[in-house]
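Asker: okay, here's the prediction I keep looking at, along with the sequence it came from:
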Amino acid sequence: GQQVMQIPQYQHVQEGEDFTTYCNSSTTLSNIQWYKQRPGGHPVFLIQLVKSGEVKKQKRLTFQFGEAKKNSSLHITATQTTDVGTYFCAGPGEGGSQGNLIFGKGTKLSVKP
Amino acid sequence: DARVTQTPRHKVTEMGQEVTMRCQPILGHNTVFWYRQTMMQGLELLAYFRNRAPLDDSGMPKDRFSAEMPDATLATLKIQPSEPRDSAVYFCASGLVWYSSGADQGTEAFFGQGTRLTVV
């Protein structure tokens, strides 16, 4: 079935350093979504990318969707302690289950002040 | 503020007991997801409903798990009998999916706070 692979699994950074997490799919995705889950919390939607090569920014966060629509990345510039959490990418299922959401394993970010 | 409501927030039960988790999706959403989150497996999709009809429950152990939507305001996930390996956080999420250009188009999924289940 559809899988989205995320790397790295963990990332420890010093506050002020940049952070990037990558998401790869074995098949072409119609769209990809990114979520953030704070420790003890629930996943919260960040953004959805739909177009090939799309780049979107939210303050210090930059999201990219690959030209082949098989990979995506989330880059955080100058991390802050408020960025701590796990970042997930999620893509639609295949075939008749296209409307569902399959999540990657996530990248857990810790930020040292 | 529209939000997904899950009950109970925490549940501790003994092995072999039945567990029922409930979810009230956001009014107007036509899609409901059930996920199970563990450290080892991450967020696993258990079941997916659209317009109250189950579309995909391939991720759910059929012998003990069942998911239903008796009406548009209630989704349930039941485990009978429960086992220690079922201990996890169970999330319900709802969203809006529409059909366009020959494919399903989705929007963001809104998650509930989750039910933390411990089976001893």
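Answerer: That came through, no problem. Note that this is a predicted model, so its numbers are computed, not measured.

Asker: what's around residue 85, how many residues?
Answerer: You didn't say which chain, so I picked chain A. 21 (other Cβ atoms under 10 Å in any protein chain shown). To be clear about C-beta, it is placed using only N, CA and C from the backbone, and glycine gets the same treatment.

Asker: hmm, I had chain B in mind actually
Answerer: For B:Arg85, using other Cβ under 10 Å, the count is 10.

Asker: give me the nearest residue to B:Pro81, chain neighbours excluded.
Answerer: The shortest distance from B:Pro81 to any non-neighbouring residue, by Cβ to Cβ, 6 or more residues apart in numbering or on different chains, is to B:Gly16 (4.5 Å).

Asker: go ahead and confirm the one you found touches B:Gln80.
Answerer: No: assessed by Cβ atoms under 8 Å, B:Gly16 is found out of contact with B:Gln80, at 9.0 Å.

Asker: who has more neighbours, these two?
Answerer: A side-by-side neighbour count of B:Gly16 and B:Gln80, using other Cβ under 10 Å, places B:Gln80 first with 13 against 10.

Asker: which residues does the more buried one contact?
Answerer: By Cβ atoms under 8 Å, 6 or more residues apart in numbering or on different chains, the contact list for B:Gln80 reads B:18-19, B:64, B:66.

Asker: and the pLDDT at the residue nearest to B:Pro81?
Answerer: Per-residue confidence at B:Gly16 stands at 97 (pLDDT).

Asker: doesn't it fall inside a helix?
Answerer: No: going by DSSP: H, G, I helix; E, B strand; the rest coil, the assignment for B:Gly16 is coil, not a helix.

Asker: ok, which residues in chain B are in contact with chain A?
Answerer: Within chain B, the positions lying close to chain A (Cβ under 8 Å from any Cβ of the partner chain) are B:31, B:33, B:35, B:42-43, B:45, B:48, B:50, B:55-56, B:58, B:91, B:93, B:95, B:97, B:103-114.

Asker: please tell me how far the residue nearest to B:Pro81 sits from A:Pro8.
Answerer: Separation of B:Gly16 from A:Pro8 (Cβ to Cβ, to the nearest Å): 40 Å.

Asker: am I right that B:Leu117 is in contact with B:Arg85?
Answerer: No: judged on Cβ under 8 Å, B:Leu117 makes no contact with B:Arg85 at a distance of 11.0 Å.

Asker: for the nearest residue to B:Cys92 once chain neighbours are set aside, list the residues it contacts.
Answerer: Of all residues not flanking B:Cys92 in the chain, B:Cys23 sits nearest, at 3.4 Å (Cβ to Cβ, 6+ apart). Contact analysis of B:Cys23 by Cβ under 8 Å, 6+ apart lists B:4-6, B:32, B:34, B:74-77, B:92, B:94, B:112.

Asker: quick one: buried ones out of those?
Answerer: B:4, B:6, B:32, B:34, B:75, B:77, B:92, B:94, B:112 (16 or more other Cβ atoms under 10 Å in any protein chain shown).

Asker: out of the contacts of B:Cys23, which is nearest to A:Ser52?
Answerer: When the contacts of B:Cys23 are compared for distance to A:Ser52 (Cβ to Cβ), B:Ser94 wins out at 28.6 Å.
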